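In: any chance you can model this:
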Amino acid sequence: MKIEWLGVEKLEKKLRQKSATDFQAVAEKNIRDIYRRSQQPGGTPVGDYKGGGQLRKSARYRGDEMGYTAHYAAHVEYGHRTRNGGFVPGQFYLKKNVDEQRPIYKQDLINKLKE
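Out: Sure, this is the predicted structure:
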């Protein structure tokens, strides 16, 4: 799974022109925020699979990248078919987290450009 910030391309470009170091700091701060939110109740689903909490425990971040290492993370995010032909809808936990972070990221870019 990959996180993409849509709608802030012009701000990102301006900040990169000003300072790649500043841009990297903003990007890393926002990924840390997403990771922290993933570790809080409601941030990542905690099911009964393998004792529960494995998906949350599989969350990792480094630099400006964040993701889940559990092999079933995408199935929980987007939904999946069951053996009997049914469908379990996705919980979109990562999308919700990114959507919540999006305005914060935009404001952080604006604030850094004003410095």
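In: any buried residues in the longest helix seen in the chain, and which?
Out: Longest helix in the chain by number of residues, with DSSP state H as the criterion: helix 93-114. Buried residues in helix 93-114, counted by 16 or more other Cβ atoms under 10 Å: 93-94, 97-98, 101, 105-106, 108-109, 112-113. From N, CA and C alone the C-beta is placed, and that goes for glycine too.
In: what do you get for stretch 46-61?
Out: Neighbour-count burial for stretch 46-61, counted by 16+ other Cβ under 10 Å, picks out 54-56, 58-59, 61.
In: can you give me how far the longest helix of the chain is from the chain middle?
Out: 11 Å (Cα atoms, centre = their mean, to the nearest Å).
In: quick thing: my sequence starts at 34, can you match it?
Out: Okay, using 34 as the starting number, the last item reads as helix 126-147.
In: which helices and strands sit right next to that helix?
Out: Contacts defined by 3 or more Cβ pairs under 8 Å, 6 or more residues apart in numbering; DSSP states H and E place helix 126-147 against helix 42-51, helix 53-71, helix 106-111.
In: lowest average confidence across the ones you listed, which one?
Out: Of all the helices and strands packed on helix 126-147, the minimum mean pLDDT falls on helix 42-51 (a mean of 79).
In: okay, that helix in PDB with CA atoms only?
Out: The C-alpha coordinates for helix 42-51 follow below in PDB (Å, rounded to 0.1, in the frame of the first residue of the first chain):
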ATOM      1  CA  GLU A  42       1.600  19.300  -5.500                       C
ATOM      2  CA  LYS A  43       2.200  23.100  -6.000                       C
ATOM      3  CA  LEU A  44       2.900  23.600  -2.300                       C
ATOM      4  CA  GLU A  45       5.300  20.600  -2.300                       C
ATOM      5  CA  LYS A  46       7.100  21.900  -5.300                       C
ATOM      6  CA  LYS A  47       7.500  25.400  -3.800                       C
ATOM      7  CA  LEU A  48       8.800  24.000  -0.600                       C
ATOM      8  CA  ARG A  49      11.300  21.700  -2.400                       C
ATOM      9  CA  GLN A  50      12.500  24.700  -4.300                       C
ATOM     10  CA  LYS A  51      13.000  26.600  -1.100                       C
END
